[in-house]
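Chemist: Using only what follows, build the 3D model:
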Amino acid sequence: MASDRINLLVLEGDGIGPEITQATVDVLRHVDGLFGLGLAFTSGDIGFTSLKTDGTTFTKRVLEAARAADGIVLGPVSHNVYPPVSEGGLNPSGELRKTLDLFANIRPSRTRDGVEAPSRKAFDLVVVRENTEGFYADRSMFMGPGEFMPTPDVALAIRKITRHASLRIAREAFDLAMTRRRKVCVVHKANVLRLSDGLFLEATRDIAKAYPDVEVEEQLVDAMAALLVRDASRYDVIVTTNMYGDILSDEAAELAGGLGLGASLNAGEHHGLAQAAHGSAPTLAGLDTANPAALIGSAAMLLIWLAARTGRPECADAGRAMELALDRTIANPATRTGDLGGALGTKAFTQALIGEIRRV
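Modeler: Residues are numbered from 1 along each chain as shown. Predicted coordinates:
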């Protein structure tokens, strides 16, 4: 990366994707001017737009642009209604996670002032989710899908857990815990999945030995789902495998006030990708009603990640300013979007947020 430029690839996606990615770019352009980040934006087509023009939802051209970028902003995609892979229906999110080795999916959840939340107590936790293997059919095999049907009446799925992936996601979680409250909860189901979850649990215990200052707890995934409902404030960093992390992070987001606030970062050794935890909400597309907070929060996480890897502290300053302004904007009933009980649309919320950043 040139010392004075940070190249961001923006992929709008489907449904509300174009609206919330434009809102996110507007905010990024604003902090670029305030903090002198030197952001440069390029864009690429994915999803149904790409399928129409190129016959595939994810082209090699976009993949190469992602490889060359310093960071990626990915809008939500409607991959559940794409055609089969044989007809061009690739999942852009899954493809990027696999090919760029974005092994850590970091999903923070916390209650916020002024936002109604099902949780009875305030909490602030992060789910650190392994992102490249597990039960996800597009990530569990070298070639071909991890699901198959030997007969029309039998469907099988293969789950892959490796020591390498388990060690590195555990290390990511413990490193993060050292910057927070120094508590890690390891979530597994090794009482039943003795080999695969047993390997994951063994790897996390090995990593824990190098972090004597971190308090470690282990929980079965079914118990963990209940314990989060009972008292999410007990937890700081939760580390787990792919599918468990996907489910538990959505649960935590709902307990904090809804998936509309669910920021998320997909990170590897060399690439970072901002992606909201929620879906593409096609019924809201084009109505200027979608809440862009989750993707904007994800972009803030990306800036902070870039700061650590490029030695550019101004990126972290900008990311933290975005997060603080999000808190303040959401806390004010007059500047909330409809899903949070307010009256603002996507564009008006974005302008209110930009105004708040100027006051941070």
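Chemist: start to end distance for stretch 38-55?
Modeler: Using Cα to Cα, to the nearest Å, the span of stretch 38-55 from its first residue to its last is 35 Å.
Chemist: ok, now how distant is Leu39 from Ser249?
Modeler: Leu39 sits 28 Å away from Ser249, going by Cβ to Cβ, to the nearest Å. Just so you know, the C-beta spots here come from the backbone N, C-alpha and C atoms, and that holds for glycine as well.
Chemist: Those two: which has the busier surroundings?
Modeler: Using other Cβ atoms under 10 Å, the more surrounded residue of Leu39 and Ser249 is Ser249, with 26 against 22.
Chemist: Mind telling me what element that one is part of?
Modeler: Ser249 belongs to helix 242-255 when assigned by DSSP states H and E.
Chemist: Tell me, what's the model's pLDDT at the nearest residue to Ala316 once chain neighbours are set aside?
Modeler: In space, and not counting its chain neighbours, Ala316 is closest to Ala307: 3.6 Å by Cβ to Cβ, 6 or more residues apart in numbering. In this model, Ala307 is scored at 96, pLDDT.
Chemist: what residues are up against the nearest residue to Gly44 once chain neighbours are set aside?
Modeler: Residue nearest to Gly44 in three dimensions, not counting chain neighbours: Val62, with 4.2 Å by Cβ to Cβ, 6+ apart. Residues counted as contacts of Val62 (Cβ atoms under 8 Å, 6 or more residues apart in numbering) are 11, 44-46, 50, 92.
Chemist: Keep only those of those that are in helices.
Modeler: Here DSSP state H is the test, and the contacts of Val62 give 50, 92 as lying in helices.
Chemist: Now the buried members of the contacts of Val62.
Modeler: 11, 44-46, 50, 92 (16 or more other Cβ atoms under 10 Å).
Chemist: which other residues reach stretch 297-306?
Modeler: With contact meaning Cβ under 8 Å, 6+ apart, stretch 297-306 is reached by 6, 24, 27-28, 31, 37, 70-73, 106, 108, 261, 263-265, 267, 272-276, 312, 315-316, 318-320, 322-323, 326.
Chemist: again, only using 6 Å
Modeler: 24, 28, 71, 73, 263-265, 267, 272, 274-276, 315-316, 318-319, 322-323, 326 (Cβ atoms under 6 Å, 6 or more residues apart in numbering).
Chemist: Okay, Tyr244 and Thr59: tell me how far apart.
Modeler: Between Tyr244 and Thr59 the distance is 32 Å, computed by Cβ to Cβ.
Chemist: The two: which is more packed in?
Modeler: Neighbours were counted for Tyr244 and for Thr59 using other Cβ under 10 Å; Tyr244 has more, 26 against 20.
Chemist: That one reaches Val221, doesn't it?
Modeler: Yes: with contact defined as Cβ atoms under 6 Å, Tyr244 counts as touching Val221 (4.8 Å).
Chemist: Name the residues contacting each of these two.
Modeler: Val187.
Chemist: on that earlier part again, now the helix holding Ser249: average pLDDT?
Modeler: When pLDDT is averaged along helix 242-255, the result is 96.
Chemist: What's the first helix or strand after that helix?
Modeler: Next along the chain after helix 242-255, taking DSSP H and E as the criterion, comes strand 265-267.
Chemist: residues in contact with that following strand?
Modeler: Here strand 265-267 has contacts from 97, 102, 104-106, 273, 275, 301, 305, using Cβ under 6 Å, 6+ apart.
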